[in-house]
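Peer 1: make a model of this:
(one chain, ligands or ions: 1)
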Amino acid sequence: MNSSEPTSLFVVPTPIGNLEDITLRALHILKSVNLILAEDTRKSGILTKHYEIDKPLNSFHIFNEHQKVAGLIKRMKDGETMALVSDAGTPGISDPGFLLVRACLSEGLKIECLPGPTAFVPALVKSGFPTDRFVFEGFLPHKKGKHTLLKKLAEEERTIVLYESPHRLEKTLEQMIEFFGEQRLVSVSRELTKVHEETFTGPLTEVLAHFHKEKVRGEIVIVIDGKKE
Ligand code: SAM
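Peer 2: Below is the predicted model:
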């Protein structure tokens, strides 16, 4: 594959809240492809309507991606160009994308992934913890394996980044105290780029007390300071 070949699939990051967080190039691509593959066509429809993008939206999510990949590859081989978007942020980051990207690569189809919004980067940078090396763990397992993973992560010396749902935050912070100790520093970012954006950073017990006060709402990134010698 060389750079003069036409691109079949563009992976296009979209805003994680604030609709202005989209690049000029992302808008240009979304206006120029034949088809937009969207995790939720209704949600992506809000974005395309806002930016007057008049391209067909086709659903592509975790429940249909396995069935759809072969058909999409065939259409791309026939010359159609596509953009993959998810509900928010960068497709493939705790979102569908990996299967389609892998299939394109193994079929020799050219892909481009645009740089753009993703939730873990602003949360990591706002935490004030070291950013030179970090591990991204995505969502922790809900039940099986959660304790084992937390035990392992308690020994990690690099900064750790996790995605978590608001209704599991308290329980996860309690479990972290068990393995990381009360004084380990943690930073919780909620509703990044949105009206109620909040980042609370401190020892685990203080962060737990802060979020214990009222029902936690919105989207959450947890950043944990790495183990210090
Ligand atoms: N593809 C997305 C990305 O690039 O960040 C992640 C999608 S994943 C299904 C959704 C999770 O991302 C949420 O549960 C939350 O942990 C995190 N997230 C997304 N938007 C966020 C925001 N505005 N503030 C904080 N966390 C956010």
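Peer 1: what's the local residue count around the one residue in the chain that gets nearest to the ligand?
Peer 2: Proximity of the chain to the ligand (CB to the nearest ligand atom) peaks at Gly89, 2.4 Å away. C-beta here means a position set from N, CA and C on the backbone, and glycine is covered the same way. Counted with other CB atoms under 10 Å, the neighbours of Gly89 add up to 24.
Peer 1: which ones are touching it?
Peer 2: Contacts for Gly89 were tallied using CB atoms under 8 Å, 6 or more residues apart in numbering; they are 13-14, 16, 95, 117-119.
Peer 1: if we only consider the residues you listed, which is nearest to Lys68?
Peer 2: Distance to Lys68 across the contacts of Gly89 (CB to CB) is lowest for Asp95, with 15.1 Å.
Peer 1: backbone torsions only: list them for the closest one.
Peer 2: Phi and psi for Asp95, reported as degrees, to the nearest 10, are phi -150, psi 160.
Peer 1: how close does it get to Lys110?
Peer 2: Separation of Asp95 from Lys110 (CB to CB, to the nearest Å): 21 Å.
Peer 1: just to check, His66 is in contact with Phe98?
Peer 2: No. The pair His66 / Phe98 is not scored as a contact, 11.7 Å apart, by CB atoms under 8 Å.
Peer 1: and these two? Which one has more around it.
Peer 2: Neighbour count, other CB under 10 Å: between His66 and Phe98, Phe98 has more, with 12 against 9.
Peer 1: quick one, grab the pLDDT at that one.
Peer 2: In the predicted model, Phe98 carries a pLDDT score of 97.
Peer 1: same check, this time on Met1
Peer 2: Reading off the model, Met1 has pLDDT 53.
Peer 1: got a list of what Ser48 touches?
Peer 2: To be clear, residue 48 is Thr; Ser isn't right here. By CB under 8 Å, 6+ apart, the contact set of Thr48 is 30, 36, 54-55, 57.
Peer 1: what's the answer for Thr201, then?
Peer 2: Counting by CB under 8 Å, 6+ apart, Thr201 makes contact with 127-128, 185-188, 207.
Peer 1: picking up where we left off before, the contacts of Gly89: which ones sit near the ligand?
Peer 2: 16, 95, 118-119 (CB under 6 Å from any ligand atom).
Peer 1: where does Val221 land in three-state SS?
Peer 2: State at Val221, reduced to three classes by DSSP: H, G, I helix; E, B strand; the rest coil: strand.
Peer 1: that one reaches Leu162, doesn't it?
Peer 2: Yes. Between Val221 and Leu162 there is a contact at 7.2 Å, judged by CB under 8 Å.
Peer 1: show the backbone phi and psi for the most centrally placed residue in the chain.
Peer 2: Centroid-nearest residue in the chain, with CA atoms, centre = their mean: Ile93, separated by 4.2 Å. Backbone torsions of Ile93, given as degrees, to the nearest 10, read phi -100, psi 100.
Peer 1: repeat that for the one 10 residues further on.
Peer 2: Note on Ala103: backbone dihedrals following degrees, to the nearest 10 are phi -70, psi -40.
Peer 1: for it, which non-adjacent residue is closest in space?
Peer 2: Counting by CB to CB, 6 or more residues apart in numbering, Val69 is the residue found nearest to Ala103 once chain neighbours are left out, at 4.9 Å.
Peer 1: tell me how many other residues crowd Ala38.
Peer 2: 24.
Peer 1: no further queries at this time; thank you.
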